[in-house]
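# have a look at this prediction, sequence included:
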Amino acid sequence: MLSMKNYMEVIVMNTMDDILKDINMCKCEKCRLDIAAKALNDLPPQYVVSEKGEVYSKIKSLKTQFEVDVIAAITKAAILVKRNPMHDDQVSQ
């Protein structure tokens, strides 16, 4: 079965944990999704069509190609979300 996927979304989600471990901020689901959304809006989409099951085999090569841009976009987004969290202060970190 063919499917279309924005690999940039997968790359951002797979890279985010490594970057956020060095940033002292809330890591709740809302903040993580806000970071991902902001980063993805700043990165070019990378849509591909592939057979189901081939999706993850291509992630590594694309991640390497876009790694610097992805790291910069996630870091920029994390700083923005850290300064302006969109949830109550009651959310646990």
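That came through, no problem.

# the nearest residue to Lys76 once chain neighbours are set aside: how many residues sit nearby?
Spatial nearest neighbour of Lys76, chain neighbours left out: Asp42 (6.9 Å); criterion: C-beta to C-beta, 6 or more residues apart in numbering. (Glycine included, C-beta is placed from N, CA and C.) A count of nearby residues for Asp42, using other C-beta atoms under 10 Å, gives 14.

# same question for Arg32.
Arg32 has 17 nearby residues by other C-beta under 10 Å.

# contacting residues for it?
By C-beta atoms under 8 Å, 6 or more residues apart in numbering, Arg32 lies in contact with Met16, Leu20.

# output the contacting helices and strands for the lowest-mean-pLDDT helix or strand in the chain.
Scoring the helices and strands of the chain by mean pLDDT, DSSP states H and E places strand 47-51 at the bottom, with a mean of 78. When contacts are defined as 3 or more C-beta pairs under 8 Å, 6 or more residues apart in numbering; DSSP states H and E, strand 47-51 packs onto strand 2-6.
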